[in-house]
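> pasting the structure only:
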């Protein structure tokens, strides 16, 4: 193959057609027959042709072969992605970027606008698959700009062709006029007839020219109207893309700085993007997670999560759920997921954004609180039992106090009665003062009734004094 191509560089167009046929056949096998292995073989055959033609070709052919190689790499990567071979698909998408950039540089150098447009298309597709949406949008804008330029070139070419046609017809009319003048000079005999023929011919030509001009003006008016409409649509799309780009830049900034895991799903639930915090949360990269859980959320076979995704997609409202998971190290973690729908300008579902928050510490705190709550309930139960015992003891004590109070009252009544008896036997103080003027008696019992007492009396003209204990 290599020797044959090297010896037939003049037949490059034939080999390019053969490579395109192989590429088209591969696409048919992948898209409509689902035969990815056959498609990859055909894409590789086409890729070999493009790589061989790129050796020693002129810049015009080289630009086309490099773009062809980029297209083959993209096609091979798409087929491998369909087979679930995501790591290999990423390698081929990077190769597609490499060859498309080479082709783009050469196309710019030689001013090949169609090839430049093709390079932008391949770069847009490859970066979108790699998840670099910012660059994908950048090359998508360049693709549209060059596409518009190609359209304007085609329009200018069409106008130039119509102008050339008009000038040709004008020159033909001038030749006819000259022929008429020559005939008139040669023969005066046929002057009137020739003049009449000339006038009629001129009228016919003028009428045809008028009709043609009117038709041309109408076509130009329709084209201008169509171009204006397309320009307005393109402007609207550009504004929408600019707005989307700004939103994506904000989302990208938030996704880079947040500690929460952020996942963007397509409208059919395929994973399109996950931020760096996702690896910190679960301990695995996007590629590793895709190998473990699959590209689509349905591959998890989790009915609860699938029902939540269906609810969010159908109601177009945010849903929130909590789930226990195991990270890559085997540690159990609790994750709270907020699933938000993103709608396009038509109000239809465009994307789904899932924000995963680690709530393990909250769950652990709740478990500790629950455990402490149980302990507190046990303590309260014991305290209640103790309280009941204390209450019973208090009632017993209260009964004993009543008995003691009753006995104390009896004792107190007896003591006061004894006091009255004691006071009754004590001598009159005036009697003592008659005998001992200016005297006094210091008598202070310790309690109500004193254990000591005194007594005075006059017996047979004798004073009898008694101190008793």
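Sure thing, it's come through. Quick caveat, the model's predicted, so the values are computed rather than measured.

> could you use CA atoms for every contact and neighbour count after this?
OK.

> which residues sit against the helix or strand hosting residue 354?
According to DSSP states H and E, residue 354 maps onto strand 349-358. If you take C-alpha atoms under 8 Å, 6 or more residues apart in numbering as the criterion, strand 349-358 is touched by 260-267, 269, 281, 313, 316, 333-344.

> quick one: which of those sit in strands?
261-266, 333-343 (DSSP state E).

> just the buried members of these?
With burial judged by 16 or more other C-alpha atoms under 10 Å, the buried subset of the ones in strands among the contacts of strand 349-358 is 261-266, 333-342.

> just these now: which is nearest residue 371?
residue 334 (18.4 Å; C-alpha to C-alpha).

> and that closest one, what pLDDT?
We have a pLDDT of 85 for residue 334.

> could you do the one 10 residues further on as well?
Among the per-residue scores, residue 344 shows a pLDDT of 85.

> and it, backbone torsions?
Per-residue torsions, residue 344: phi -80, psi -180 (degrees, to the nearest 10).

> so what's it up against?
Contacts of residue 344 (C-alpha under 8 Å, 6+ apart): residue 350.

> against residue 453, how distant is it?
116 Å (C-alpha to C-alpha, to the nearest Å).

> what's the domain layout of this structure?
2-131, 153-251, 259-358, 379-425, 426-468 (automatic domain parsing).

> and those domains, which is most packed in?
domain 2-131 (a mean of 20; mean count of other C-alpha atoms under 10 Å).

> chain center to that one: distance?
33 Å (C-alpha atoms, centre = their mean, to the nearest Å).

> what's the span of stretch 351-366, first residue to last?
Terminal-residue distance, stretch 351-366 (C-alpha to C-alpha): 34 Å.

> now swap in stretch 178-198 and tell me
End-to-end for stretch 178-198, by C-alpha to C-alpha: 11 Å.

> make residue 1 into 48 and carry on from there
Right, with 48 as the first residue, what we last looked at is stretch 225-245.

> what's the helix or strand for residue 269?
helix 238-304.

> for that helix, what is the average pLDDT?
Mean pLDDT, computed over helix 238-304, is 78.

> could you check the angle strand 396-405 makes with that helix?
10 degrees (axes from the mean of the first three to the mean of the last three C-alpha atoms, to 10 degrees).

> and helix 238-304, how far out from the chain's middle?
42 Å.

> now do that helix against strand 308-313, angle only.
Using the same axes, to 10 degrees: helix 238-304 against strand 308-313 is 150 degrees.

> so which elements touch helix 238-304?
helix 180-233, helix 323-329 (3 or more C-alpha pairs under 8 Å, 6 or more residues apart in numbering; DSSP states H and E).

> make it 10 Å
Where contact means 3 or more C-alpha pairs under 10 Å, 6 or more residues apart in numbering; DSSP states H and E, helix 238-304 is packed against helix 180-233, strand 308-313, helix 323-329.

> worst mean pLDDT among those?
helix 323-329 (a mean of 72).

> do you know the pLDDT at the most centrally placed residue in the chain?
Centroid check for the chain by C-alpha atoms, centre = their mean gives residue 400 as the closest residue, at 3.5 Å. Note for residue 400: predicted pLDDT of 87.

> for it, which non-adjacent residue is closest in space?
What sits nearest to residue 400 in space, not counting adjacent residues and going by C-alpha to C-alpha, 6 or more residues apart in numbering, is residue 311, at 4.7 Å.

> residue 492: what's its closest spatial neighbour, skipping adjacent residues?
Nearest one to residue 492, counting by C-alpha to C-alpha, 6+ apart, is residue 498 at 7.5 Å.

> in this structure that neighbour contacts residue 514, no?
No: the pair residue 498 and residue 514 fails to qualify as a contact (C-alpha atoms under 10 Å) at a distance of 11.1 Å.

> adding distance to residue 148, write the helices and strands packed on helix 238-304 out as JSON lines.
Output for those, formatted as JSON lines (distance: least, C-alpha to C-alpha, whole Å):
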{"stretch": "helix 180-233", "distance to residue 148": "11"}
{"stretch": "strand 308-313", "distance to residue 148": "28"}
{"stretch": "helix 323-329", "distance to residue 148": "27"}
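
> of all the ones you listed, which one is nearest residue 342?
Per C-alpha to C-alpha, nearest to residue 342 of the helices and strands packed on helix 238-304: strand 308-313, 9.8 Å.

> helices or strands next to that closest one in the packing?
helix 238-304, strand 318-321, helix 323-329, strand 379-390, strand 396-405.

> do you know which of those lies nearest residue 126?
strand 318-321 (17.2 Å).

> just list what that closest one packs against, helices and strands only.
helix 160-177, strand 308-313, helix 333-340, strand 396-405.

> out of those, which gets the lowest mean score?
Comparing mean pLDDT across the helices and strands packed on strand 318-321, the weakest is helix 333-340, with a mean of 67.
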